[in-house]
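*Asks:* I need the structure of the sequence given here:
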Amino acid sequence: MGMLDWATVLMGYDGSGLEVGRVLSVRPDGELEWERDRWEKVEGSYLASVQVTRDSATAAMRSSGFPCARDVLRVSGNPAKFLQGHNVFGPSVAEAGPLLRAMVRAFPAGLRPADADEDKLVAVQRGRYDTALHVDLGAHRLVHEWLRAAASSTRSRHGRALVSGSTVYWGQHSRRWSMKAYCKFCELREHPPVDWGDELRAWCEGHLRLELTLRR
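*Replies:* Got it, this is the predicted structure:
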């Protein structure tokens, strides 16, 4: 099973005390059209960040049987990067509940719900999950050979694969799912994480990275 590489979710923690700003839309005549809570940036220990705001619990969350406040958290970001500084590998999707709970517990004062330390898994409603999987092809050149072959000879229900640089996409603009394949070693060489070292480099050099995004 792939690792959880991104999550946009509603979490049933009590978000009523969050210190978030407001976004307002005002008509030219001065009348307020609408207003909502603003996304706030939460920085982790490794210069990685996620976004958090406040929202209302859905009916499905309230009837799930898991604890759920009226005002809940909406969180979006990469929990693996937030907690460990890189997303070369990390917890699987099967561990999403404990992983998201650990992320919320690491939030600073003001953005950390009062019930974060309670020993419970709260109701969660998924909006987007990204899962990532590594395939060890044994050599760096074989990763790029695979990508060139996939770019020229594969298709999905959305049509032929699309290519940007050395990344191959399927269903890139779909509202339900999309997938991409690329060389993780090359990405980290261009954008090294804080703890980028020889062991991490050696581990991913011959690995093909596949990422599946599930929406709704």
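*Asks:* any idea how far the helix or strand of the chain with the lowest mean pLDDT is from the chain center?
*Replies:* One helix or strand of the chain scores below all others by mean pLDDT, DSSP states H and E: helix 198-204, with a mean of 81. Using CA atoms, centre = their mean, to the nearest Å, the mean C-alpha position of helix 198-204 is found 23 Å from that of the whole chain.
*Asks:* Can you list the buried residues in that helix?
*Replies:* The neighbour-count criterion (16 or more other CB atoms under 10 Å) identifies 200, 204 as the buried residues of helix 198-204. All C-beta spots, glycine's among them, are computed from the backbone N, C-alpha and C.
*Asks:* which helices and strands does it pack with?
*Replies:* Contact here means 3 or more CB pairs under 8 Å, 6 or more residues apart in numbering; DSSP states H and E; on that basis helix 198-204 packs against helix 184-190.
*Asks:* Only the buried residues of the helix it packs on, if you could.
*Replies:* Applying 16+ other CB under 10 Å to helix 184-190 flags 184-186, 188 as buried.
*Asks:* Mind listing residues that contact the least confident helix or strand of the chain?
*Replies:* If you take CB atoms under 8 Å, 6 or more residues apart in numbering as the criterion, helix 198-204 is touched by 86, 88-89, 134, 184-185, 188, 193.
*Asks:* now, the most widely separated pair of those?
*Replies:* Comparing every pair within these by CB to CB identifies His134 and Pro193 as the most remote, at 15.7 Å.
*Asks:* Would you state the helices of the chain in chain order?
*Replies:* Counting by DSSP state H, residue ranges of the helices within the chain are 59-62, 79-84, 96-105, 140-153, 184-190, 198-204.
*Asks:* weakest of the ones you listed by average pLDDT?
*Replies:* Set side by side, those differ in mean pLDDT, and helix 198-204 is lowest with a mean of 81.
*Asks:* one step back: out of the buried residues of helix 184-190, which is nearest to Leu214?
*Replies:* When those are compared against Leu214 (criterion: CB to CB), the nearest one is Lys184, at 20.0 Å.
*Asks:* Now Phe107. Its backbone dihedrals?
*Replies:* When read as degrees, to the nearest 10, the backbone of Phe107 gives phi -70, psi 150.
*Asks:* Tell me what the nearest residue to it once chain neighbours are set aside is bridged to.
*Replies:* Among residues not flanking Phe107 along the chain, Val42 sits closest, at 5.5 Å (CB to CB, 6 or more residues apart in numbering). Bridge pairing for Val42 (DSSP bridges) gives the partners Val50.
*Asks:* Can you get me the centre-to-centre distance for the strand ranked longest in the chain and its chain?
*Replies:* In the chain, taking DSSP state E as the definition, the longest strand is strand 124-136. Taking CA atoms, centre = their mean, the mean C-alpha location of strand 124-136 is offset from the chain mean by 8 Å.
*Asks:* With stretch 145-159 instead?
*Replies:* How far stretch 145-159 lies from its chain's middle: 25 Å, per CA atoms, centre = their mean.
*Asks:* Check whether the residue nearest to Phe107 really touches Ser49, as I assumed.
*Replies:* Yes. If you go by CB atoms under 8 Å, Val42 and Ser49 touch, sitting 5.9 Å apart.
*Asks:* Would you mind finding the most buried of the helices of the chain?
*Replies:* Mean neighbour counts were compared across the helices of the chain using mean count of other CB atoms under 10 Å; the top stretch is helix 79-84, at a mean of 22.
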